[in-house]
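>>> I'd like to go over a predicted model; first the sequence, then the structure.
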Amino acid sequence: MAIYAANWKMNILPSQVQELVTGIVDHKLSDSDQVILCPPSVYLQEAVNLTSQSQVVIGAQNTYFEVSGAYTGEISAKMVAELGATYVIVGHSERRQLFGDNDQIINKKVLATLEASLSPIICIGETLEQRESGDFYTVLESQIVSAVSGHETVLSAADFLIAYEPVWAIGTGKVASPEQAQDVHAFIRSRLESIFNEKKISILYGGSVKPSNAGELLLQQDIDGFLVGGASLSVADFTAIMSA
Ligand code: 13P
């Protein structure tokens with residue numbers, strides 16, 4: 001069983017949504033595989049409608065932590081849930097770097113997601129500088145702990161995913177080697193198991209995943225699936241990743 005999540009980021013025009021979603025829906029999956037498409041929020045309703053008779057589910061790329069109110073430009077987890085989506089990406093490195101999502105905001109967004117009965121896909125990952133400093137496990141540990149802190153009980157009962165996305169591998173074509181990714185995933189799993197008392201949590205890898213590297217990555221014991229950016233914008237590439 002594997003989980004294939006697509007993060008379209010700010011890509012795809014309205015005229016292209018149907019072809020991309022139906023191309024993925026039409027791909028034959030094994031029953032235990034799960035596919036999550038995260039389009040820009042303006043396409044959420046259409047994506048929910050196009051996937052309603054399929055195994056494919058829909059997630060938002062970001063939601064605000066308040067339920068409603070005077071927050072111009074934002075959308076709430078509750079809105080996304082009522083549209084029929086089931087996941088929300090929380091703490092993506094682009095949100096952390098470009099939009100000021102810090103540990104405290106991410107922690108609140110995780111809770112807001114759970115309160116709307118959605119499942120968070122919590123993203124963590126080190127920068128190149130942090131990796132080269134040698135102490136990046138401390139960075140990853142702190143990202144995990146600060147995202148879930150205070151929500152351990154409710155998260156224990158919920159379905160949620162962790163995505164390890166090394167910042168240096170996102171959109172750069174530089175993928176973590178299977179060994180590098182496996183080492184980090186094993187570390188993340190051991191930390192999660194101690195926080196959540198043995199609960200089995202799926203951990204996705206993200207960062208330049210392509211048809212050519214997906215098979216080897218997925219062979220690693222602690223890699224349960226992928227969060228794919230660029231290659232999720234092509235039916236051919238994304239379905240090839242699903243078949244890898
Ligand atoms: P790329 O697959 O384009 O490197 O993006 C990864 C990512 O950020 C998914 O959330």
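Yes, it's here. Residues are numbered from 1 along each chain as shown.

>>> Work out for me the element the residue located most distally from the centre of the chain sits within.
Relative to the C-alpha centroid of the chain, counting by C-alpha atoms, centre = their mean, residue 70 is the outermost residue, at 27.7 Å. Using DSSP states H and E, residue 70 sits within no helix or strand.

>>> how close does it get to residue 239?
According to C-beta to C-beta, to the nearest Å, residue 70 stands 43 Å off from residue 239. Heads up, the C-betas are built off the backbone N, CA and C, glycines and all.

>>> How about residue 75?
Taken as C-beta to C-beta, the span from residue 75 to residue 239 is 29 Å.

>>> now do residue 220
21 Å.

>>> Residue 53 too?
Counting by C-beta to C-beta, the gap from residue 53 to residue 239 is 18 Å.

>>> the more surrounded of these two?
For the pair residue 53 and residue 239, the greater number of neighbours falls to residue 239 (19 against 8), based on other C-beta atoms under 10 Å.

>>> What count of nearby residues applies to the residue lying closest to that one once chain neighbours are set aside?
Nearest non-adjacent residue to residue 239, counting by C-beta to C-beta, 6 or more residues apart in numbering: residue 27, 4.3 Å away. Neighbour count for residue 27, taken as other C-beta under 10 Å: 19.

>>> Can you classify residue 27 as helix, strand or coil?
coil (DSSP: H, G, I helix; E, B strand; the rest coil).

>>> Strands along the protein, start to end?
3-7, 34-38, 56-60, 87-90, 119-124, 161-164, 202-205, 225-228 (DSSP state E).

>>> from memory residue 231 sits against residue 212, does it?
No. Residue 231 lies out of contact with residue 212 (C-beta atoms under 8 Å); the separation is 9.8 Å.

>>> Among the two, which residue is more densely surrounded?
Using other C-beta under 10 Å, the more surrounded residue of residue 231 and residue 212 is residue 231, with 20 against 13.

>>> and the chain, which of its residues are near the ligand?
Along the chain, the residues adjacent to the ligand under the rule C-beta under 6 Å from any ligand atom are 7, 92, 165, 170-171, 206-209, 227-231.

>>> A ChimeraX selection for those, restricted to the buried ones, would help me check which they are.
The ChimeraX command for the buried members of these (criterion: 16 or more other C-beta atoms under 10 Å) is given here:
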select :7,92,165,170,206,207,208,209,227,228,229,230,231
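
>>> Switch the residues of the chain next to the ligand over to a markdown table; also include pLDDT.
As requested, those are exported to a markdown table (pLDDT from 0 to 100):
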| residue | pLDDT |
| --- | --- |
| 7 | 98 |
| 92 | 98 |
| 165 | 98 |
| 170 | 93 |
| 171 | 90 |
| 206 | 98 |
| 207 | 97 |
| 208 | 96 |
| 209 | 97 |
| 227 | 98 |
| 228 | 98 |
| 229 | 98 |
| 230 | 98 |
| 231 | 98 |
